[in-house]
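**Q** What follows is a protein structure lacking sequence information:
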Ligand SMILES: O=C(O)CCC(=O)C(=O)O
Ligand SMILES: [Fe+2]
């Protein structure tokens, strides 16, 4: 049975995101590069059109649907566990969405960039059989395209930040081990839930850049899905490297609006994260723009985390797991740069 959800309602308010044309950015179009810079430094979120990954995105959503159809006990054999590793399956209700310990309502499958690129060799872990079936034909090509898109945008940020050529690229090398991953997310239909009930709690992303796809379903609070447009956003690592010049903004997932709430919600993200042993701190020695931003910040010390990308990531993943919850302090231990944020990106859908 195929059930097609109704279109995103026209009367739901949203935060306007700038639309960036990837092909123009790629060929060095000044105006488009300036628009990307404006989006990444102001809101930290933007639409990306002409990214060329539509076929791979659909394949990834098919892979996600086949995986989620497996019996729960089969999926749980590949659960990510409680020690901070994230590759593998995460069941709905395994994470808290806030400091009261309220449970999340999304399940997802995370596939490591390293495992996808090395397939059929295993670098980090094994996966449910639909993941294996789609590795060569879908997950690997999607991973390669997503890496390419995010690395192109990182090159733009590198130049705009006045960093020596290749600085950001060197921190995100394709074949160095990292926590970079694809994530396919399913939220079960929930027409009875309040529209602001968090399915995935308010957070900033843990890595550098996220490349997100929605297939016309709402639920990323404050944003409207546009056909063929990805939503991209800056994460904590890039905000830290840039001394806060690039903005890692808070977002959350709520039930899709109105009639869409009665349907399954699917989304797909590729997260580019720095290589595991990269220290998360502002690159002040390499850029006067970054040095100045840190100097002018009310609390320069927050740009030196003394954590590697991997330990930052493990900590954030570990302490949002309800199995590791001892009280509100666990939630606070799972936080990244959220406290830096003055204003939330999300506006309430109504
Ligand atoms: O599903 C979405 O729209 C967003 C997912 C997200 O923010 C995340 O997984 O970090
Ligand atoms: Fe996110």
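**A** Nice, I can see it. What you see is a predicted model; the values in this text were computed from it and never measured. Ligands and ions are numbered 1, 2, ... in the order given.
**Q** Just the helices from the stretch 151-300 of the chain, written as ranges.
**A** 167-171, 236-241, 288-295 (DSSP state H, counting those that start in this stretch).
**Q** Check which residues of the shortest one are buried.
**A** In other words, helix 167-171. 167-168, 171 (16 or more other C-beta atoms under 10 Å). Any C-beta I mention is one placed from the backbone N, CA and C, and that applies to glycine too.
**Q** Would you mind putting those into TSV with pLDDT and distance to residue 9 alongside?
**A** Formatted as TSV, the buried residues of helix 167-171 follow (pLDDT from 0 to 100; distance: C-beta to C-beta, whole Å):
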residue	pLDDT	distance to residue 9
167	98	44
168	98	39
171	98	41
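**Q** Could you pick out the residues of the chain near ligand 1 for me?
**A** Within reach of ligand 1 by C-beta under 6 Å from any ligand atom, the chain has these residues: 183, 185, 200, 205, 212, 220, 251, 253, 267, 269.
**Q** Pick the one among these closest to residue 230.
**A** residue 212 (6.0 Å; C-beta to C-beta).
**Q** in the sheet, who's paired with the closest one?
**A** Beta-bridge partners for residue 212, by DSSP bridges, are residue 231, residue 269.
**Q** correct me, but it touches residue 235?
**A** No. Using C-beta atoms under 8 Å, residue 212 is not in contact with residue 235; the gap is 11.4 Å.
**Q** For residue 5, which residues are in contact?
**A** The neighbours of residue 5, taking C-beta atoms under 8 Å, 6 or more residues apart in numbering as the test, are 216-217, 256, 259-260, 263-264.
**Q** per-residue confidence for the closest residue to residue 338 other than its chain neighbours?
**A** Spatially, and ignoring its direct neighbours in sequence, residue 338 is nearest to residue 204 (5.3 Å; C-beta to C-beta, 6 or more residues apart in numbering). What the model reports for residue 204 is a pLDDT of 93.
**Q** Please apply the same query to residue 254.
**A** Residue 254 is given a pLDDT of 88.
**Q** That one: what's it in contact with?
**A** Contacts of residue 254 by C-beta under 8 Å, 6+ apart are 195-199, 219, 221, 349.
**Q** wait, what's in contact with the closest residue to residue 64 other than its chain neighbours?
**A** Nearest non-adjacent residue to residue 64, counting by C-beta to C-beta, 6+ apart: residue 184, 3.0 Å away. The contact partners of residue 184, by C-beta under 8 Å, 6+ apart, come to 60-61, 63-64, 67, 108-109, 266-268.
**Q** looking at the contacts of residue 5, which has the most residues close by?
**A** The most crowded member of the contacts of residue 5, judged by other C-beta atoms under 10 Å, is residue 256 (31 neighbours).
**Q** residue contacts, the residue nearest to residue 338?
**A** 235-236, 239, 248-251, 336-338, 341.
**Q** which two in the residues you listed are spaced the farthest apart?
**A** Largest pairwise distance in the contacts of residue 204, by C-beta to C-beta, is 13.6 Å, between 239 and 251.
**Q** For those two, indicate the residue with more neighbours.
**A** Between residue 239 and residue 251, counted using other C-beta under 10 Å, residue 239 has the larger neighbour count: 27 against 23.
**Q** I'd like the distance between the residue nearest to that one when sequence neighbours are not counted and residue 290.
**A** Leaving aside its sequence neighbours, residue 239 sits nearest to residue 248 (C-beta to C-beta, 6+ apart; 3.8 Å). Between residue 248 and residue 290 the distance is 15 Å, computed by C-beta to C-beta, to the nearest Å.
**Q** Neighbour count: the two, which is higher?
**A** Neighbour count, other C-beta under 10 Å: between residue 248 and residue 290, residue 248 has more, with 29 against 23.
**Q** Touching, the more buried one and residue 241? I think so.
**A** No. Here residue 248 lies out of contact with residue 241, judged by C-beta under 8 Å, at a distance of 10.6 Å.
**Q** mind checking how far the residue nearest in space to the middle of the chain is from residue 95?
**A** The centre of the chain sits closest to residue 210, judged by C-alpha atoms, centre = their mean, with a distance of 4.1 Å. Counting by C-beta to C-beta, the gap from residue 210 to residue 95 is 17 Å.
**Q** before we move on, what about residue 322?
**A** From residue 322 to residue 95 the distance is 7 Å (C-beta to C-beta).
**Q** Neighbour count: these two, which is higher?
**A** residue 95 (23 against 16).
**Q** List the backbone torsions phi and psi for the more buried one.
**A** The phi/psi pair for residue 95 (degrees, to the nearest 10) reads phi -110, psi 150.
**Q** that older thread, I'd like the contacts of residue 204 laid out as TSV, including pLDDT.
**A** Below are those laid out as TSV (pLDDT from 0 to 100):
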residue	pLDDT
235	97
236	96
239	97
248	95
249	95
250	94
251	92
336	90
337	87
338	82
341	54
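**Q** Nearest to ligand 1, out of the residues you listed: which one, please.
**A** Proximity of the contacts of residue 204 to ligand 1 (C-beta to the nearest ligand atom) peaks at residue 251, which lies at 5.5 Å.
**Q** How confident is the prediction for residue 199, by pLDDT?
**A** 87.
**Q** er, residue 342 I mean
**A** Reported pLDDT for residue 342: 46.
**Q** Equivalent analysis for residue 232, please.
**A** Confidence score, pLDDT, at residue 232: 97.
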